[in-house]
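J.: Sequence first, then the predicted structure:
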Amino acid sequence: MVRFENVGLRYGMGTEVLKDISFSVEPQSFQFLTGPSGAGKTTLLRLILMSLKPTRGFISLFGQDASQLTKDDISAIRRRIGVVFQDFRLLDHLTTYENVALPLFVQGQEESTYRPQVVELLRWVGLGDHIHSYPPVLSGGEKQRAAIARALIVQPELLLADEPTGNVDPTLARRLLRLFMELNKSGTSVVIATHDLALMDQFEDARRFVLGDGRLHIYD
Amino acid sequence: MRVASCSAMDGCTSMTDASHREAPSAPTSDNRLKRSIQAFAQPRLTLIPADSTASRALVIVIAIMTFLATLTGGSAMLIYQASQNWNSAISREMTIQVKPQLGRDIEADVRKAADLARMPGFADVRIFSREESSRLLEPWLGAGLDLSELPVPRLIVLKIDPGGRPDLAALREQLSKQVPNAALDDHHIWLERLSTMSRALVVVAVIILLLVLLAMVLAVAFATRGAMAGSREIIDVLHFVGAPNRFIAAEFQRHFLKLGLRGGLIGGGFALVVFYLAGLLTAWWIASPEASQVEALFGRFALGALGYLTIIVLSAAIALLTAAMSRSVVLRRLRRMN
Ligand SMILES: Nc1ncnc2c1ncn2[C@@H]1O[C@H](COP(=O)(O)OP(=O)(O)O)[C@@H](O)[C@H]1O
Ligand SMILES: [Mg+2]
């Protein structure tokens, strides 16, 4: 569902951050994207999300040539992708509930139809007591879970998560990983960027994309 | 979401239950009405925070602009109204003025002139008596003055038949032959001056109105840019969750419509109060005898129902203009973004 061919990217006039990246993400697959800090993990996820354009190479998303997509096509594709940002990107003036419900709201769904799902998911990620809290009063780990809930609420076909366990204790990290694995079993492709080796060891069967020196090495 | 995973996790209940419970009832019109009322009554998610300092400042700007615009519009209507009243009153009447002249019997002259004027085209010919003529001068000379010794000119008021066209040239000729000290005044100079003046005033008012609207539109455009810059984070997140530009533009439009309505309500409301009070004040003032001449000139300084309606419509139009302007600015800028 995602295919990169010889993709290169540089920010402005700098050196190439990513060089000749080629890979594909198959439906229902699970992969860790790893590499040292500054290796380009976030950059690669942004390319998949089309918030960056590659300086060279070919990207296809859900069978469509990314360079040919109109803005409306991009919006439509993003609705099929759930994203967990490294810096969460929760909206501070909305409650936790409203933040998590945002993708459904944007899709024009009626509040009465999605409210039970959102509340249930919030309880499940342990935010049942913070449904009406605003992000500024949440701890780092709570924000993280709210961000994950927002990505999951639309049952995306592809889940991109950037260091999703960076702010949580190992127990919760394990729980979240199991959630991602279950999500994967129910049909979602998952790409998790992380440099947490202990986390990756808990799912030995996952593919590993390792970034180093701007190049990608794949370990199946 | 239907997290099948839930069953595998710590005793989480399946979330599909909730959607099953939602029995889809047939969308009867009654139902739909109820739902739209609910949707209206329910506080909707506001994606653009409404209570920022910039929003409040813009509400004040819009209120002031609306006040100025409606004040100008209302004044233009008053001027137009007064000039129309005056116009029709004057053009339905003519006067013959008979000046007293030594050696002539003014009463006879007046009667003669009136007889001459009794011709087709005039509905009514009325001679102002000596007392009435004197009373006309009262506002200028003061009451209680004995005018019997003063050579007061006498007036004959001619009411024109609706649709009648009296032969004024013939009347003038007859008058100059038989009563040379009488003059026919058809007020046309007054009428021309009046209509030129009132037209000029209305044009000036419209220009002011347009300038005020232009200034407001510019203020709204800048405010929209500011709001967008301040909402960059929000716009990014909306983009990432797949909101198309028109959705984002609609959110901004809703936000600015709210501000526009608030500003329009304040500004238009103030204008309504001002016109209402001005109407009351002049009515009270006009009740005094000194002011009756002013009333005769300018009519009552009172805006009719149409005037009040115009103010309300203008205020609402300003709110809509605000919303439309911000929408177009947002769409244009979003298109240029990323
Ligand atoms: N917006 C940007 N402008 C310029 N350079 C950037 C930008 N974002 C990231 N970089 C650079 O690109 C490289 C990869 O960054 P990033 O993708 O964030 O790495 P990672 O997520 O693996 O830590 C880093 O050297 C970083 O400094
Ligand atoms: Mg990163």
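T.: Cool, the structure landed. Ligands and ions are numbered 1, 2, ... in the order given.
J.: and B:Leu238, what does it touch?
T.: B:Leu238 is in contact with A:102, A:106, B:47, B:247-248, B:251, counting by CB atoms under 8 Å, 6 or more residues apart in numbering or on different chains. Using the backbone N, CA and C atoms, a C-beta is placed for each residue, glycine as well.
J.: Go again with 7 Å.
T.: By CB atoms under 7 Å, 6 or more residues apart in numbering or on different chains, B:Leu238 lies in contact with A:106, B:248.
J.: isn't there a helix covering it?
T.: Yes: with DSSP: H, G, I helix; E, B strand; the rest coil as the criterion, B:Leu238 is part of a helix.
J.: Quick check, pLDDT for it.
T.: The per-residue pLDDT reported for B:Leu238 equals 94.
J.: Kindly provide the distance from it to A:Leu94.
T.: Distance of B:Leu238 to A:Leu94, computed by CB to CB, to the nearest Å: 11 Å.
J.: Just the C-alpha atoms of the longest helix along chain A, please, in CSV.
T.: Identified as the longest helix of chain A according to DSSP state H is helix A:170-185. Listed next in CSV are the C-alpha coordinates belonging to helix A:170-185 (Å, rounded to 0.1, in the frame of the first residue of the first chain):
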residue,chain,number,x,y,z
PRO,A,170,7.6,0.0,30.2
THR,A,171,4.3,-1.6,31.3
LEU,A,172,2.2,0.8,29.4
ALA,A,173,4.6,0.6,26.5
ARG,A,174,4.1,-3.1,26.4
ARG,A,175,0.3,-2.6,26.5
LEU,A,176,0.4,-0.1,23.7
LEU,A,177,2.5,-2.4,21.6
ARG,A,178,0.0,-5.2,22.1
LEU,A,179,-2.7,-2.8,21.0
PHE,A,180,-0.8,-2.0,17.8
MET,A,181,-0.3,-5.8,17.3
GLU,A,182,-4.0,-6.5,17.7
LEU,A,183,-4.8,-3.7,15.4
ASN,A,184,-2.4,-5.2,12.9
LYS,A,185,-4.2,-8.6,13.3
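J.: which residues does A:Leu102 contact?
T.: The contact partners of A:Leu102, taken as CB under 7 Å, 6+ apart, are A:150, B:241.
J.: The helix or strand in which it is found: how far from the chain's middle?
T.: Here A:Leu102, judged by DSSP states H and E, is contained in helix A:96-106. When distances are taken as CA atoms, centre = their mean, to the nearest Å, helix A:96-106 is centred 16 Å away from the chain's centroid.
J.: what is the rounded mean pLDDT of that helix?
T.: 95.
J.: Now for the residue of chain A found nearest chain B, how many residues are close by?
T.: Chain A approaches chain B most closely through A:Glu182 (2.6 Å), counting by CB to the nearest CB. Using other CB atoms under 10 Å in any protein chain shown, A:Glu182 has 17 other residues around it.
J.: separation between it and A:Leu176?
T.: 11 Å.
J.: and what of B:Met325?
T.: Distance, B:Met325 to A:Leu176, by CB to CB: 45 Å.
J.: same deal with B:Gln174?
T.: 110 Å.
J.: got it, and B:Arg130?
T.: 107 Å.
J.: the more surrounded of those two?
T.: It is A:Leu176, of B:Arg130 and A:Leu176, that has more neighbours when counted by other CB under 10 Å, with 22 against 15.
J.: Show the pLDDT at the closest residue to A:Arg215 other than its chain neighbours.
T.: Leaving aside its sequence neighbours, A:Arg215 sits nearest to A:Lys19 (CB to CB, 6 or more residues apart in numbering or on different chains; 5.7 Å). At A:Lys19, the model reports a pLDDT of 93.
J.: Can you check my assumption that A:Lys19 lies in a strand?
T.: Yes: counting by three-state DSSP, A:Lys19 is found in a strand.
J.: that older thread, which strands and helices lie in contact with the longest helix of chain A?
T.: With contacts taken as 3 or more CB pairs under 7 Å, 6 or more residues apart in numbering or on different chains; DSSP states H and E, helix A:170-185 sits against helix A:140-152, strand A:189-193, helix B:5-8.
J.: If we use 8 Å, what do you get?
T.: Under the contact criterion of 3 or more CB pairs under 8 Å, 6 or more residues apart in numbering or on different chains; DSSP states H and E, helix A:170-185 touches strand A:30-34, helix A:140-152, strand A:158-162, strand A:189-193, helix A:197-201, helix B:5-8.
J.: Return the list of strands paired to the first one, each annotated with direction.
T.: Spelled out, it's strand A:30-34. Take DSSP bridges as the rule and strand A:30-34 pairs in its sheet with strand A:189-193 (parallel), strand A:207-212 (parallel).
J.: can that strand be found next to ligand 1?
T.: No: judged by CB under 6 Å from any ligand atom, strand A:30-34 stays clear of ligand 1, getting no closer than 8.5 Å.
J.: quick one: contacts of that strand?
T.: For strand A:30-34, the external contacting residues (CB under 8 Å, 6+ apart) are A:25, A:41, A:44-45, A:180-181, A:184, A:189-195, A:200, A:203, A:205-211.
J.: picking that back up, got the angle for the helix holding A:Leu102 vs helix A:140-152?
T.: Orientation check (axes from the mean of the first three to the mean of the last three CA atoms, to 10 degrees): helix A:96-106 against helix A:140-152 gives 20 degrees.
J.: State the helix or strand in which the spatially most central residue of chain B lies.
T.: Centroid-nearest residue in chain B: B:Gly74, 3.3 Å away (criterion: CA atoms, centre = their mean). Assessed by DSSP H and E, B:Gly74 sits inside helix B:53-91.
J.: next SSE after that helix?
T.: Heading C-terminal from helix B:53-91 (DSSP H and E), you reach strand B:93-98.
J.: buried ones in that following strand?
T.: For strand B:93-98, the neighbour count (16 or more other CB atoms under 10 Å in any protein chain shown) marks B:94, B:96, B:98 as buried.
J.: Mind listing the residues bridging to the residue nearest the centre of chain A?
T.: Closest residue to the average C-alpha location of chain A: A:Leu160 at 2.0 Å, with CA atoms, centre = their mean. Beta-bridge pairing of A:Leu160 under DSSP bridges involves A:Val83, A:Val191.
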